[in-house]
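Colleague: here's a sequence, model it:
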Amino acid sequence: MKRGRRNPDRRGVRAVAAGAVGLLLGCLTRDRLTFPDPVGPGADGPRTVIDVPAADTTVPAGPGYVVTGFSTDADGIDTLYFETEGGVSAFPPFTGGDDSVRFGLPLTTAGQAGDTITLRVFGIDRLGNRGDTATRRIAVQ
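Modeller: Residues are numbered from 1 along each chain as shown. Alright, predicted model coming up:
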């Protein structure tokens with residue numbers, strides 16, 4: 001074997017290793033793109049929760065059934081909206097004012113056997129931001 005002549009197989013391995021090291025070091029020192037948070041303070045709407053019933057449920061026809069919950073927002077609750085689908089109950093919007101509002105909605109179940117009542121509740125804060133919608137399905141037997 002002649003001196004000064006390198007093994008051609010090793011040249012490829014060294015080139016790949018050098019490239020990998022260069023890429024790794026380049027990734028460690030490169031500036032990362034950052035984006036401002038589009039949801040700043042006060043940009044989200046009220047958090048609304050239906051706590052009774054805790055989940056979709058089935059109730060007997062006859063006596064009314066009361067659904068309860070609350071809505072909170074540090075910016076203050078302007079209005080709560082209640083939407084019903086199925087059944088005969090309907091509720092007007094409620095004007096809040098404080099940073100939390102508790103509600104109780106009496107649903108009529110008499111004569112509603114076999115129906116499913118879907119209730120949706122959402123709030124709008126004083127800044128005009130709409131919050132998520134809380135939903136419950138109540139099957140009447």
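Colleague: quick check: residue 87 vs residue 105, distance?
Modeller: From residue 87 across to residue 105, the span is 11 Å (Cβ to Cβ, to the nearest Å). From N, CA and C alone the C-beta is placed, and that goes for glycine too.
Colleague: what do you get for residue 51?
Modeller: Residue 51 is 12 Å from residue 105, by Cβ to Cβ.
Colleague: overlap in contacts, the two.
Modeller: Residues touching both residue 51 and residue 105 by Cβ atoms under 8 Å, 6 or more residues apart in numbering: residue 68.
Colleague: so between these two, which is more surrounded?
Modeller: residue 105 (18 against 11; other Cβ atoms under 10 Å).
Colleague: now that one. Its backbone dihedrals?
Modeller: Backbone torsions of residue 105, given as degrees, to the nearest 10, read phi -120, psi 110.
Colleague: so what's it up against?
Modeller: Residue 105 touches 66-68, 82, 89, 91, 119, counting by Cβ under 8 Å, 6+ apart.
Colleague: what is the nearest of those residues to residue 99?
Modeller: Each of the contacts of residue 105 was checked against residue 99 using Cβ to Cβ; the closest is residue 68, at 18.5 Å.
Colleague: chain neighbours aside, what residue packs nearest to residue 77?
Modeller: In space, residue 77 comes closest to residue 96 once its chain neighbours are excluded; the distance is 3.2 Å by Cβ to Cβ, 6 or more residues apart in numbering.
Colleague: isn't the one you found up against residue 80?
Modeller: Yes - assessed by Cβ atoms under 8 Å, residue 96 is found in contact with residue 80 at 6.2 Å.
Colleague: where does pLDDT dip in this protein?
Modeller: By pLDDT under 70, the low-scoring segments of the chain are 1-13, 15, 19-43.
Colleague: and the helices in it, which stretches?
Modeller: Using DSSP state H, the helices of the chain run over 8-29.
Colleague: quick one, strands of it?
Modeller: 47-52, 57-59, 65-72, 77-85, 94-95, 100-107, 116-125, 134-140 (DSSP state E).
Colleague: mind putting the ones you listed into a markdown table with distance to residue 17?
Modeller: Output for the strands of the chain, formatted as a markdown table (distance: least, Cβ to Cβ, whole Å):
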| stretch | distance to residue 17 |
| --- | --- |
| strand 47-52 | 54 |
| strand 57-59 | 64 |
| strand 65-72 | 58 |
| strand 77-85 | 63 |
| strand 94-95 | 69 |
| strand 100-107 | 62 |
| strand 116-125 | 58 |
| strand 134-140 | 58 |
